[in-house]
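1. I need the structure of the sequence given here:
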Amino acid sequence: MCKGLAALPATCLKSAKDMKHRLGFLLQKSDSCDYSSSQGKKEKLSSSQRLSQEEVRKWAESLENLIHHDRGLAAFRAFLKSEYSEENIEFWVSCEEYKKTKSPAKLSPKARKIYDEFISVQATKEVNLDSCTREKTSHNMLEPTLSCFDEAQRKIFTLMEKDSYRRFLKSPYYLDLISPPGAGCGPENCKRNHTHSLDCNSNIISQCA
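-> Residues are numbered from 1 along each chain as shown. Next comes the predicted model:
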């Protein structure tokens, strides 16, 4: 029987502190685990907190699936931060948000902010673009439109797809989530339910986002 999260053996549950440095996720026991009477009752997790094995497997099908899933994006961003290359995903996200701009008056200031932060020569988070794409994007700044960053965004997406995404799938950031439920956790300590759900700690997730 599980005797509380703090009392679980190291092979069954990593500490939130360790996961903060490594994954940004805490794999907790599903609510089929019985906690001690001192806790009064089982921890109830809403469906919005559950991350299923099927969802995690889909992240390996394409970068598109990964970064269009909130928690997938959070995990990938945490991985890129560990490699000091988070500017790529931050640029991609900024472009996605920019394309949702509804007011024409806001296009120019928003476009300039993105350009100055990620593309200009003095950019604080300069992304790796070829000279042709960089020049074309610079020209687009004269009259910004919703599509002015499209080519640059595609180039960065392709770069991540061929490089960092492949490393992500081989990293603990992904492998620890896709490992079989209950791995390293004896039946005497924890009983997984048939859905094989993974419970993500919302506090740790919010630090990744």
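2. from here on, contacts and neighbour counts on C-alpha atoms
-> Fine.
3. Give me the mean pLDDT for the helix or strand hosting Arg134.
-> In this assignment (DSSP states H and E), Arg134 forms part of helix 131-140. Across helix 131-140, the average pLDDT comes to 96.
4. what is the mean pLDDT for the helix or strand following it?
-> Remark: after helix 131-140, the chain's next helix or strand is helix 150-162, criterion DSSP H and E. The average pLDDT for helix 150-162 rounds to 97.
5. can I get the CA coordinates of the helix or strand that helix 150-162 is followed by in CSV?
-> Where DSSP H and E defines the elements, the next helix or strand beyond helix 150-162 is helix 164-169. Output of helix 164-169 as CSV, limited to C-alpha atoms (Å, rounded to 0.1, in the frame of the first residue of the first chain):
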residue,chain,number,x,y,z
SER,A,164,16.3,19.3,-31.5
TYR,A,165,13.0,17.4,-31.9
ARG,A,166,14.9,14.1,-32.7
ARG,A,167,17.1,14.7,-29.6
PHE,A,168,14.0,15.4,-27.5
LEU,A,169,12.5,12.0,-28.4
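6. So what touches the helix holding Arg134?
-> 115, 119, 148-149, 151-152 (C-alpha atoms under 8 Å, 6 or more residues apart in numbering).
7. Can you redo those residues as TSV, where the extra columns are neighbour count?
-> Listed next are the contacts of helix 131-140 as TSV, based on neighbours: other C-alpha atoms under 10 Å:
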residue	neighbour count
Tyr115	21
Ile119	23
Cys148	22
Phe149	27
Glu151	14
Ala152	23
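8. Pick the one among those closest to Ser82.
-> Ile119 (22.1 Å; C-alpha to C-alpha).
9. how about the strands of the protein, start to end?
-> 27-28, 50-52, 197-200 (DSSP state E).
10. May I see the buried residues of the longest helix seen in the chain?
-> In the chain, with assignment by DSSP state H, the single longest helix is helix 104-118. Neighbour counts over helix 104-118 (16 or more other C-alpha atoms under 10 Å) mark 107, 110-112, 114-115, 117-118 as buried.
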